[in-house]
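>>> No letters, just coordinates:
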């Protein structure tokens, strides 16, 4: 019997045996628009799109033993070659209170590594990846404590010295730490409790170069959006350890007008959570997984 998962308020629920899962459908807990997944599916789909799952939907889905759907493809552990776009969903109030805790706690400086990991462990499962059920983050705050407090001590020392050269050096060190943070985060992604074995191969020099280019592009008023799109594509290409290519389809123009709308709405304060989810959803929808060599 198949075991099913469904997404609710940005959280993954399950697994449920098929009989119990159909009971959730009968109770209205799982609705036609609810995202669901079971072994053998290429990615998360709305319940209404799966034949036989919702009443009147036709013949029930056939999920053969071993987790592969009829006709091949689908999820096959770490070697899955199924394609599709990412999606993200989280509850507005869940996001709001967690973000407020993150902001207030960060004012005290010392809790930052633990708050960051706590927040990331909540946010990562909200991302739905085709063929990667139960996405999670397994990083431990103690791994980044030396980087964080080392940088704080260095920043204080530079502040006392007041050297322009050391201040510029501190900025470069900060970029290096951000690069290390990205590598650490990518390496600690897991699916169904198993490490994905991903790695970030982008070089530190390329990362510094992209950030400098972005800083310079701000002068042009609008050029930053095209730099951001190109940098995101570079970032996606630099993730290794999967048989699928990660492609970002968004353009600079797409980022520009959304950035302007987001800035206007965020100035009103109250819409910030909705704006953040809108932007995150768009970036996720523009990030696609495709079998290598299919383009």
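Cool, got the structure. Since we're looking at a predicted model, the values are computed, not measured.
>>> following the helix or strand harbouring residue 273, which helix or strand comes up?
Element membership for residue 273 (DSSP states H and E) is helix 272-285. Later in the chain than helix 272-285, the nearest helix or strand by DSSP H and E is strand 287-291.
>>> Relative to that following strand, what are the paired strands and their orientations?
Strand 287-291 has the following sheet partners, assigned by DSSP bridges: strand 84-85 (antiparallel), strand 244-248 (antiparallel).
>>> domain assignment for this protein?
The chain breaks down by automatic domain parsing into domains covering 1-76, 84-291.
>>> before we move on, the earlier item: what helices or strands is the helix holding residue 273 leaning on?
Counting by 3 or more CB pairs under 8 Å, 6 or more residues apart in numbering; DSSP states H and E, the packing neighbours recorded for helix 272-285 are strand 87-88, helix 92-106, helix 252-266. Glycine gets a C-beta too; all of them are placed from N, C-alpha and C.
>>> For residue 132, which of those is the nearest?
Among the helices and strands packed on helix 272-285, strand 87-88 comes nearest to residue 132, with 11.9 Å by CB to CB.
>>> which residues are contacting the helix holding residue 273?
Contacts with helix 272-285, where a contact means CB atoms under 8 Å, 6 or more residues apart in numbering, come from 85-90, 92, 95-96, 99, 127, 232, 250, 254, 258, 262, 265-266.
>>> May I see the ChimeraX selection of the buried members of the residues you listed?
In ChimeraX, the members of the contacts of helix 272-285 classed as buried (16 or more other CB atoms under 10 Å) are selected with the following command:
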select :85,86,87,88,89,90,95,127,232,250,258,262
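>>> just the helices in the stretch 51-200 of the chain please.
For the stretch 51-200 of the chain, the helices defined by DSSP state H, counting those that start in this stretch cover 92-106, 112-123, 145-161, 164-187.
>>> winner for burial among those?
helix 112-123 (a mean of 17; mean count of other CB atoms under 10 Å).
>>> on contacts alone, who are the packing partners of it?
Contacts defined by 3+ CB pairs under 8 Å, 6+ apart place helix 112-123 against helix 92-106, strand 135-137, helix 145-161.
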